[in-house]
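Participant: Take a look and give me a structure for this.
(one chain, ligands or ions: 1)
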Amino acid sequence: MRKKAMRYQKWMTKHAKRLDGKAAIVTGANSGIGYECARYLLSLGASVTLACRSAERGKAALERLRAEFPAGRTDLLLLDLADFSSIDAFVQQIRQRDGRLYILLHCAGVYYPREATTADGLPATVGVNYAGTVRLTEGLLPLMAADGRVIFTTSLVDRFGKIRRDAPAPRGKEGYREYAESKLLLSAYACKKAAERDEKAPLFLAVHPGITATSLLDASKTSHNPLFSRLGHGFLYLFTHPKEKAALTAILAAAGDVKNGDCIGPRGFFGISGYPRVTRFCRRVRKQARIGQDPYRR
Ligand SMILES: NC(=O)c1ccc[n+]([C@@H]2O[C@H](COP(=O)([O-])OP(=O)(O)OC[C@H]3O[C@@H](n4cnc5c(N)ncnc54)[C@H](OP(=O)(O)O)[C@@H]3O)[C@@H](O)[C@H]2O)c1
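Facilitator: Here you go, the predicted model:
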């Protein structure tokens, strides 16, 4: 196991239960936090399906994981959250498999993407981070084990999000505002699902990783100026916690002692970094969950 990840083994031993034989799906598993989560889940004995939009990047991640965990059970399925038909096809493939699903971990996300809209005409950020994630969740829910866990990766910025009154005409440029809006919508959806849960449903949990350097700001993925992307990445790498640590919030949700409706984030200053702790949804999220304002519903 890599040096940095080994650093967190002590925490894992103390807080994460074994998941032997339990089936997990991780979206966005080819990079960043999703990849680290897939690694941790494999180390706990889960069988992990990597749900990735790029066959090439997905395959590269699969090979790295198989090299690190030769006895682990992992496979790759393609999923593009910016395209409802791809999501529906993915759900179909999972339905054709035997057995219940124990963990659905949503890590895929975009920030300031190059594309303006999804295949279905939604603004790209909200389309991927919220609408696509919700469609995937609803499609897979009937397959989830009653003690399973659906985990949404939101963000600290959900509390600054503002939801538009009407679905806007998708614009060429998106940025922080759309990202915060997408994460507020996602957190509110998680909060509402948790509140409405009955005992046959899995637990609904929200996690945020604090801040960490990943490929989220990569010039190849975002509309940022490449220099800004590089500087931003360098700054985050130096001054925030590593992605191996950021991923622990999702691992506490997947394998730790948590309750339906818990919200998990780093315990450090303003939730930016640190080991995970359980909190509750913020007031703005709870209010949005009650109102249910959603100009993007399809
Ligand atoms: N990094 C942070 O500081 C931070 C803070 C708060 C929240 N988060 C959240 O954490 C999650 C993971 O992000 P990260 O930081 O690990 O960034 P990342 O390394 O860029 O990972 C994002 C993943 O999402 C995938 N993805 C993007 N669009 C997709 C689509 N249309 N369909 C399917 N998969 C798609 C990406 O695939 P490709 O590689 O093919 O692009 C990638 O695997 C995101 O939800 C992000 O919003 C991150």
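
Participant: residues near the closest residue to the ligand within the stretch 101-250 of the chain, how many?
Facilitator: Scanning the stretch 101-250 of the chain for proximity to the ligand using Cβ to the nearest ligand atom identifies residue 109 as nearest, at 2.3 Å. Backbone N, C-alpha and C define where each C-beta goes, glycine included. Residues near residue 109, counting by other Cβ atoms under 10 Å, number 27.

Participant: Report the contact partners of it.
Facilitator: 28, 128-129, 153, 216 (Cβ atoms under 8 Å, 6 or more residues apart in numbering).

Participant: Torsion angles phi and psi at it?
Facilitator: When read as degrees, to the nearest 10, the backbone of residue 109 gives phi -170, psi 160.

Participant: likewise residue 266?
Facilitator: According to degrees, to the nearest 10, residue 266 has phi -60, psi 150.

Participant: so who does it touch?
Facilitator: Taking Cβ under 8 Å, 6+ apart, one finds 208-210, 241, 245-246, 249, 272-277 in contact with residue 266.

Participant: Filter the residues you listed down to the buried ones.
Facilitator: 208-210, 241, 245-246, 249, 272-274, 276 (16 or more other Cβ atoms under 10 Å).

Participant: Could you list which of those residues also contact the ligand?
Facilitator: 208-209 (Cβ under 6 Å from any ligand atom).

Participant: Now distance to residue 282 and secondary structure too, for the buried ones among the contacts of residue 266, in a markdown table please.
Facilitator: A markdown table is the format used below for those (distance: Cβ to Cβ, whole Å; DSSP: H, G, I helix; E, B strand; the rest coil):
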| residue | distance to residue 282 | secondary structure |
| --- | --- | --- |
| 208 | 11 | coil |
| 209 | 16 | coil |
| 210 | 15 | coil |
| 241 | 21 | coil |
| 245 | 22 | helix |
| 246 | 19 | helix |
| 249 | 16 | helix |
| 272 | 15 | coil |
| 273 | 19 | coil |
| 274 | 18 | coil |
| 276 | 17 | strand |
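
Participant: mind checking the backbone torsions on residue 147?
Facilitator: Dihedral angles for residue 147 - degrees, to the nearest 10 - are phi -100, psi 10.

Participant: do the same with residue 161
Facilitator: According to degrees, to the nearest 10, residue 161 has phi -70, psi 150.

Participant: Might one say that it is in contact with residue 176?
Facilitator: No - using Cβ atoms under 8 Å, residue 161 is not in contact with residue 176, being 10.0 Å away.

Participant: quick one: which of these two has more around it?
Facilitator: The neighbour comparison of residue 161 against residue 176 (other Cβ under 10 Å) goes to residue 161, with 24 against 13.

Participant: For the more buried one, which non-adjacent residue is closest in space?
Facilitator: residue 184 (2.8 Å; Cβ to Cβ, 6 or more residues apart in numbering).

Participant: what residues are up against that neighbour?
Facilitator: So residue 184 contacts 158-163, 284-285, 288 (Cβ under 8 Å, 6+ apart).

Participant: Just the buried ones out of the residues you listed, please.
Facilitator: Buried among the contacts of residue 184 (16+ other Cβ under 10 Å): 158-159, 161, 163, 284-285, 288.

Participant: helices or strands up against the host helix or strand of residue 133?
Facilitator: Under the criterion of DSSP states H and E, residue 133 resides in helix 133-140. When contacts are defined as 3 or more Cβ pairs under 8 Å, 6 or more residues apart in numbering; DSSP states H and E, helix 133-140 sits against strand 23-27, helix 84-95, strand 101-106, helix 176-196.

Participant: of all those, which lies closest to residue 67?
Facilitator: strand 23-27 (17.7 Å; Cβ to Cβ).
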